[in-house]
Each structure stands twice: as structure tokens, then as C-alpha cells.
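S.K.: Here is my input; please provide its structure:
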Amino acid sequence: MATSTSSSPYTVDNLPYGVISTSDNPKKRCAIAYEDSAIDIDQLFHQGFFASITDFKDNVFAHGNWNAFAALPKDVRKAFRSRVRSGVLDGSVKEASIPLSMVQCHLPMHIHNFSDFYCSLEHSKNPNWYAMPSVYNGRTSSLVVSGTPFHRPCGMYPDARGSPQVSFKPESHMDYELEMGVWLSKPVPRGQRLKIVNAQDHIFGLTLLNDWSARQIQGFEMPPLGPFHSKGSCTSVSSWIVPIEALEVAQCPRKTKQEPPPPPHLTWQDDAAATFDIDLTVKLIRDGTSYRLCESNLNELHWTPFQQITHLSAAGEGLSPGDVFGTGTISSPRTNADGEKIGLGCLFERNLPNARLKSMPSDLIDSFLKDGDEVVMEGWCKDKAGKVILGFGACRGKVLPAIKD
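M.R.: So this is what the prediction gives:
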């Protein structure tokens with residue numbers, strides 16, 4: 001199996017985690033993606049493939065999610081990955097492999113809590129933002145796996161700019177937000193706090209995440225309590241969690257300088273491995289034409305995933321395996337060859353002065369997303385020579401018309 005020259009993001013050094021079902025077996029079961037196949041982990045377990053790993057006394061994959069596995073000690077998870085990798089290299093997992101074209105993907109974990117951050121220097125600047133990562137609690141019911149379409153939400157907002165008349169109607173300014181989803185593994189009991197030096201041990205892996213945003217509804221409902229319906233219609237995540245073990249090769253310094261410096265409990269000591277070097281892109285597909293709207297990188301985010309997970313536990317709320325948070329919109333100051341701001345991670349920012357791209361549809365700023373528009377996000381990690389070593393697959397979603405009464 002390992003001799004494939006496919007350009008798939010699911011390389012032997014990646015082996016990301018997902019949940020699948022098939023037409024001949026509708027049971028949800030854990031799987032690992034390799035090249036153009038899904039390796040059925042539940043099948044391998046029942047065949048005794050993992051018998052050499054003594055800590056696998058029980059089938060941690062029996063519930064069709066990765067939660068129980070994520071909570072295992074890190075050395076056990078590494079032994080599991082090593083066993084799967086050897087099976088890929090020697091071909092012994094071939095009988096448990098299913099073409100990706102024949103599987104349906106599902107959310108990879110049972111999600112207890114979802115939080116969304118607001119951590120890009122270009123996306124927001126206010127006094128408390130410099131002292132700590134801004135974040136709000138979201139709704140787990142909004143999370144869907146990549147490829148799931150959603151209906152344009154309806155909500156309350158003014159009929160016109162400056163109008164005192166407010167009515168309930170479909171959102172007119174539907175937007176996307178380029179983020180990454182950070183999935184949690186090792187729990188933190190309620191009443192305890194996570195120390196930042198241990199933050200990496202509590203991260204299971206990363207996916208792409210699109211926090212769809214209804215901007216008109218958001219603008220009206222946020223003062224004074226924050227977003228609700230504007231963020232509740234849909235949050236798309238890519239199908240396969242790239243594990244933290246695979247991402248260790250992508251750890252790198254943060255591009256932005258934190259001034260003023262963060263408080264002691266949010267200070268990460270290893271500057272050379274402060275975050276992850278993950279190239280990100282966003283494209284819009286409208287009427288069969290593709291438009292490239294953004295190029296960014298996770299290492300350009302002001303607050304890092306390690307600081308964010310530490311902040312999540314700071315008040316003693318506790319953390320559970322399967323919890324997930326969005327990093328916040330990953331916008332950067334980068335420009336393209338034409339000097340345009342290519343690093344902006346949402347249309348709301350494209351509405352700012354001098355932020356338009358010549359390659360965009362002419363009405364995109366005024367209309368935001370139309371019914372039928374599809375947004376596709378992708379992410380890749382490269383080695384020092386610029387060769388792609390792993391990818392996250394696509395995170396895609398399409399806007400459907402609002403539900404009629």
C-alpha cells in the first residue's frame with residue numbers, strides 16, 4: 001500500500017482519524033485515512049491486529065467515535081499509530097481498507113462542549129483582547145462534517161441601516177470564517193486548571209473548521225451578550241482529525257509578536273515550537289467558477305492553540321475528551337503579487353477599505369454569500385524543502401435557501 005504516488009493529503013506520515021459508514025454496513029465505526037482508502041479500525045481490532053498492545057484490553061472503538069481512544073495515555077496512542085503504520089507499510093491492513101469513494105464520513109468524536117475563539121490581530125483589537133484570548137461558548141448541535149449543506153438562517157435585524165424597524169427574515173450577509181478545530185484528549189477534572197507546560201498533552205489533533213456567520217443577525221444580537229443565532233446555524237469541520245503526533249514535525253515559532261506580553265499562566269516557554277506551520281486556503285465556488293479568496297497560516301494567529309486550551313480551563317470548568325474549540329478567524333497581513341490583502345479569513349474583513357481582490361466576483365462584497373455558493377477550505381503542512389508531508393482534506397459546505405414557513 002505504501003508505494004502509492006497519489007497526491008492525497010492522507011500520507012503514511014499523517015494517518016488521520018475519522019468515523020465512517022458504508023452502504024453495506026451502516027454502523028458508524030472508527031477508521032484511518034491512507035491515500036484513497038479508509039482503514040476500518042474496528043475490523044482490525046476484532047481480527048486481533050492490536051493484540052500486541054496490552055493496554056487494548058477493551059475495544060475503545062466500540063462506540064463509533066475516538067473519545068475513549070483519545071483519553072488513553074500518549075505512549076499507548078503512539079504504539080497504536082506505530083502498529084497501523086507498520087500495517088500500511090507491509091500491506092497487512094489491506095483487507096480492512098475501503099475506497100474513500102464508498103464511505104460516508106461522520107463527526108469523528110462525541111462532542112461535549114464547543115467553544116469559539118476570536119484571536120487574530122487583524123480580526124479584532126480591543127483592550128481585553130491583548131490580555132487574554134477572547135472566546136464564547138457555542139452549540140454542539142451546530143457542528144456538521146464536511147460536505148453537509150445548510151439552510152440560510154433567519155433572525156432578527158433592522159430592515160435598513162439606521163432603521164428603528166426590526167423584523168424576522170433570512171440573513172442577507174452570510175459569511176464564512178477560516179479557522180482550525182482543536183480536539184481535546186486528556187481530560188481536566190472540574191475544579192482544576194491546566195498548566196500551559198502540559199497543554200500539548202491534552203490536544204488530540206486538529207481539523208479545519210468553518211464557523212459560518214450571519215453578519216446582520218450578529219450585529220444586532222451581540223450587544224450586550226454576544227452571538228447566538230448568528231453562529232448557531234452551522235459549523236463545518238473536515239472529516240479526518242490529524243493527530244498531534246503527526247503534527248509535531250510542523251511545530252514552529254509564532255509569526256506575530258505578543259505585545260504586551262501575555263500573563264504568566266499563558267506564557268509558552270518554547271518559542272521554537274509555539275504553534276504549527278499549516279498553510280491554509282479558501283476558495284468560493286459560484287456557478288461552476290472557482291475564486292481563490294484567502295491564503296493564510298495558523299502560525300500567523302496571535303494567540304496559539306496551546307494558549308487557547310490553557311485559557312479554556314483557567315476558571316476550573318474542566319475539559320473532556322471530544323471537546324473541540326475553534327481557533328478564531330485566521331487572518332494575516334500577507335499580500336499577494338498584486339499587493340492585495342490575500343490573508344483575510346472572512347468576507348466581513350473584505351468589506352473593509354482596500355481589502356477587495358480583483359479576482360473576486362464583482363457583487364461579493366455587497367451580497368456576501370448567495371444561495372448555491374460553496375466554500376472550500378484546505379490545509380497543508382510542508383517540510384523544510386517545501387515538500388507536502390500531510391494535509392487535512394477539504395472542509396466544504398454549501399448555502400441552501402432559507403426554509404420557508
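
S.K.: quick one, strands of the stretch 51-200 of the chain?
M.R.: Here the stretch 51-200 of the chain has its strands, by DSSP state E, counting those that start in this stretch, at 97-99, 103-106, 114-118, 134-137, 143-145, 150-151, 154-158, 166-170, 174-175, 178-184.

S.K.: can you redo the ones you listed as a markdown table with mean pLDDT?
M.R.: Listed next are the strands of the stretch 51-200 of the chain as a markdown table, based on pLDDT from 0 to 100:
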| stretch | mean pLDDT |
| --- | --- |
| strand 97-99 | 98 |
| strand 103-106 | 98 |
| strand 114-118 | 86 |
| strand 134-137 | 78 |
| strand 143-145 | 97 |
| strand 150-151 | 97 |
| strand 154-158 | 95 |
| strand 166-170 | 96 |
| strand 174-175 | 96 |
| strand 178-184 | 98 |
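
S.K.: which one of those strands lies closest to residue 75?
M.R.: Closest approach to residue 75 among the strands of the stretch 51-200 of the chain (Cβ to Cβ): strand 178-184, 18.3 Å. Any C-beta I mention is one placed from the backbone N, CA and C, and that applies to glycine too.

S.K.: helix or strand right after the closest one?
M.R.: strand 203-211 (DSSP states H and E).

S.K.: any idea of the mean pLDDT in that following strand?
M.R.: Throughout strand 203-211, pLDDT has a mean value of 98.

S.K.: Can you give the strand pairings for that strand, parallel or anti for each?
M.R.: With DSSP bridges as the test, strand 203-211 is paired with strand 178-184 (antiparallel), strand 235-237 (antiparallel), strand 242-243 (antiparallel).

S.K.: and residue 77, what does it touch?
M.R.: Going by Cβ atoms under 8 Å, 6 or more residues apart in numbering, residue 77 touches 69, 70, 185, 243, 245.

S.K.: Would you mind putting the strands paired with strand 203-211 into a markdown table with distance to residue 360 and mean neighbour count alongside?
M.R.: Converted to a markdown table, these look like this (distance: least, Cβ to Cβ, whole Å; neighbours: other Cβ atoms under 10 Å):
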| stretch | distance to residue 360 | mean neighbour count |
| --- | --- | --- |
| strand 178-184 | 15 | 27 |
| strand 235-237 | 21 | 28 |
| strand 242-243 | 30 | 28 |
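
S.K.: To residue 279, which of these lies closest?
M.R.: strand 178-184 (11.7 Å).

S.K.: Next, residue 397: phi, psi?
M.R.: Residue 397 adopts backbone torsions of phi -160, psi 150, taken as degrees, to the nearest 10.

S.K.: Would you mind writing the CA trace of stretch 281-300 as PDB?
M.R.: Below are the C-alpha coordinates for stretch 281-300, written out as PDB (Å, rounded to 0.1, in the frame of the first residue of the first chain):
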ATOM      1  CA  THR A 281      -6.600  28.400   1.600                       C
ATOM      2  CA  VAL A 282     -10.200  29.400   1.000                       C
ATOM      3  CA  LYS A 283     -12.000  29.200  -2.300                       C
ATOM      4  CA  LEU A 284     -15.500  30.100  -3.400                       C
ATOM      5  CA  ILE A 285     -17.300  28.000  -6.000                       C
ATOM      6  CA  ARG A 286     -20.100  30.000  -7.600                       C
ATOM      7  CA  ASP A 287     -22.000  28.900 -10.700                       C
ATOM      8  CA  GLY A 288     -19.200  26.500 -11.600                       C
ATOM      9  CA  THR A 289     -16.400  29.100 -11.300                       C
ATOM     10  CA  SER A 290     -13.800  28.900  -8.500                       C
ATOM     11  CA  TYR A 291     -12.400  32.000  -6.900                       C
ATOM     12  CA  ARG A 292      -9.400  32.000  -4.500                       C
ATOM     13  CA  LEU A 293     -10.300  34.300  -1.600                       C
ATOM     14  CA  CYS A 294      -7.700  33.700   1.100                       C
ATOM     15  CA  GLU A 295      -4.200  32.400   1.800                       C
ATOM     16  CA  SER A 296      -3.100  32.300   5.400                       C
ATOM     17  CA  ASN A 297      -1.300  30.200   8.000                       C
ATOM     18  CA  LEU A 298      -2.000  29.100  11.600                       C
ATOM     19  CA  ASN A 299       1.400  30.400  12.700                       C
ATOM     20  CA  GLU A 300       0.100  33.900  11.900                       C
END
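
S.K.: Alright, I will stop here.
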